[in-house]
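**Q** after the sequence you'll find the predicted model.
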Amino acid sequence: MEAARFSPGGIGQPGSPAEKQLIFRALRAGLSGSLCYFYGRCIDIKNDLLINEEIRDREVRVVGSDGEQLGVMPIRQALDLADAREMDLVKIVANAHPPVCKLMDYDKFRFEQSKKQREIRKNQKVVLLKEVQLSVTIEDNDVQVKAKNAVRFLQEGNKVKVTIRFRGRQITHSEIGLRVMHEFFDTVKDYANMERRPLLEGRHMIMILAPKDNKDGK
């Protein structure tokens, strides 16, 4: 949700040039969000819009499909205008004075909005935090297996949490765990950045690796 804040001198009264300019910006922004005044007045542009006969206001400010200002008119006149142009009358700014309605093909608008949302979801990249567990007594061949898994996680765009759990008196030799951590990082450093250096937390030593931005590792 976006908000536009103005100083008291720039607000004006309902229907003022400042309010109209705010409405025009909202139209260009895609009919969603919230535009709030300094004094607490708030113009909301909602995704759940009223259309045609659902609009109960006595008069409305009408905006053409191309953004043209058609003026303030009784709701019946606005509905007749929408009908004559074979379009829908959609209330886009509910608590302006008077409310702002726009002429549009509402079904087409909803379809385009839905398409945009699908594209956004498709392009969103989810970064997971995968975990690789080591030990202070880990063998070299096990390190290679763990490193291979870590590289696969990193190449998938995920971060890797590398942990060592100290058992019994092993905690008194944490420097061994630190050496294991650094040796493990040396194994995967072509694919990883050390986002968080190895730190001891209770009986666990934890290091966070992030994928490298470049493709050199490939």
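**A** Okay, I see it.

**Q** surely residue 187 touches residue 147?
**A** Yes. Contact criterion CB atoms under 8 Å: residue 187 and residue 147 qualify, at 4.4 Å. For the C-beta atoms, the positions are set from N, CA and C on the backbone; glycine is no exception.

**Q** between these two, which one's more packed in?
**A** It is residue 147, of residue 187 and residue 147, that has more neighbours when counted by other CB atoms under 10 Å, with 21 against 17.

**Q** residues contacting that one?
**A** Contacts for residue 147 were tallied using CB atoms under 8 Å, 6 or more residues apart in numbering; they are 184, 187, 188.

**Q** helix, strand, or coil at it?
**A** Recorded secondary structure, residue 147: helix (DSSP: H, G, I helix; E, B strand; the rest coil).

**Q** local confidence estimate at it?
**A** Looking at residue 147, its pLDDT reads 93.

**Q** likewise for residue 117?
**A** Residue 117 is assigned 86 on the pLDDT scale.

**Q** please parse the protein into its domains.
**A** 8-108, 129-211 (automatic domain parsing).

**Q** just the closest of the contacts of residue 147 to residue 198, please.
**A** Among the contacts of residue 147, residue 184 lies closest to residue 198 (CB to CB), at 9.4 Å.

**Q** doesn't that closest one fall inside a helix?
**A** Yes. Residue 184 forms part of a helix when assessed by three-state DSSP.

**Q** that one and residue 160 touch, don't they?
**A** No. The criterion here is CB under 8 Å, and residue 184 misses it with residue 160 at 10.1 Å.

**Q** what is in contact with these two at once?
**A** What both residue 184 and residue 160 touch, as defined by CB under 8 Å, 6+ apart, is the set residue 150.

**Q** quick one, what contacts residue 127?
**A** So residue 127 contacts 157, 158, 159 (CB under 8 Å, 6+ apart).

**Q** look at it and report its pLDDT.
**A** 75.

**Q** repeat that for the one 3 residues further on.
**A** Confidence at residue 130, expressed as pLDDT, is 91.

**Q** numbering from 26 from now on, please.
**A** Understood, numbering begins at 26; the last thing we discussed is residue 155.

**Q** what separates it from residue 148, distance-wise?
**A** Distance, residue 155 to residue 148, using CB to CB, to the nearest Å: 22 Å.
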